[in-house]
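Q: prediction below, plus the sequence it came from.
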Amino acid sequence: MFKLRVYVDTSVVGGCLDEEFKEDSVQLFNEFIKGMKTPVISDILLFEVEGAPKEVKNILKKVPTENIEYVALNEESIALANKYIEEGSVAEKSFSDARHIAIATVERVDVLVSWNFKHIVNINRIHLLNSVNLKLGYPLLDIRSPKEVLYER
């Protein structure tokens, strides 16, 4: 059975406690808990969540470890993140976003999900990022909001 590999950025974890994004974020995590989709969790996300309130940390703990795919920032993803910034696909001040996107690209996930509409889930930004990916021989990266990857209710 095909299971969607979903790279999760920090906004999606925090979205579980945000009134605007709660319903969709919680449903996505329920799908992870049930094993319907595979959350791809990076060391960057774990680092960013480290300083978050206990309620945020507990969201990740609810997903069984065997359902999670852990990935890490490496030289290849650092170089790609730097290229996104160099090419103007991501602003220099959004270096963490560039790293999330680069890890997702290098790991060839099925989709990256985020609630960050300014720097990540933005059609112009997605085109810029994917132009860099294609130039460097990477596949296109599908970037969506959690709402777009949920199974029908």
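A: Thanks, I have the structure now.
Q: next, the buried residues of the helix or strand of the chain with the lowest mean pLDDT.
A: Every helix and strand of the chain was ranked by mean pLDDT, DSSP states H and E. The lowest is helix 54-61, at a mean of 91. Using 16 or more other CB atoms under 10 Å as the test for burial, helix 54-61 gives 56, 59, 60. For the C-beta atoms, the positions are set from N, CA and C on the backbone; glycine is no exception.
Q: now distance to residue 50 too, for those residues, in TSV please.
A: Output for the buried residues of helix 54-61, formatted as TSV (distance: CB to CB, whole Å):
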residue	distance to residue 50
56	10
59	13
60	11
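Q: now residue 47: how far from residue 54?
A: Going from residue 47 to residue 54 by CB to CB, to the nearest Å gives 17 Å.
Q: residue 31 now?
A: On the measure of CB to CB, residue 31 and residue 54 end up 23 Å apart.
Q: run a quick neighbour tally on residue 147.
A: 14 (other CB atoms under 10 Å).
Q: show me what contacts it?
A: By CB atoms under 8 Å, 6 or more residues apart in numbering, residue 147 lies in contact with residue 24.
Q: cool, residue 139 as well?
A: 105, 108, 133.
Q: determine how far the helix or strand in which the first one is found lies from the middle of the whole chain.
A: In other words, residue 105. Using DSSP states H and E, residue 105 sits within helix 95-106. Put simply, helix 95-106 sits 8 Å off its chain's centre (CA atoms, centre = their mean, to the nearest Å).
Q: and if you look at stretch 21-41?
A: Offset of stretch 21-41 from its chain centre (CA atoms, centre = their mean): 12 Å.
Q: in this protein, which spans are strands?
A: Along the chain, the segments classed as strands by DSSP state E run 5-8, 38-42, 69-71, 111-113, 143-144.
Q: run me through the strand neighbours of the second one, direction for each.
A: This points to strand 38-42. Here strand 38-42 has these sheet partners by DSSP bridges: strand 5-8 (parallel), strand 69-71 (parallel).
Q: list the buried ones in the last one?
A: Spelled out, that is strand 69-71. Neighbour-count burial for strand 69-71 flags residue 71 (criterion: 16+ other CB under 10 Å).
Q: please apply the same query to stretch 119-139.
A: Quick answer for stretch 119-139 (16+ other CB under 10 Å): 119, 120, 121, 125, 126, 128, 129, 130, 132, 133, 138.
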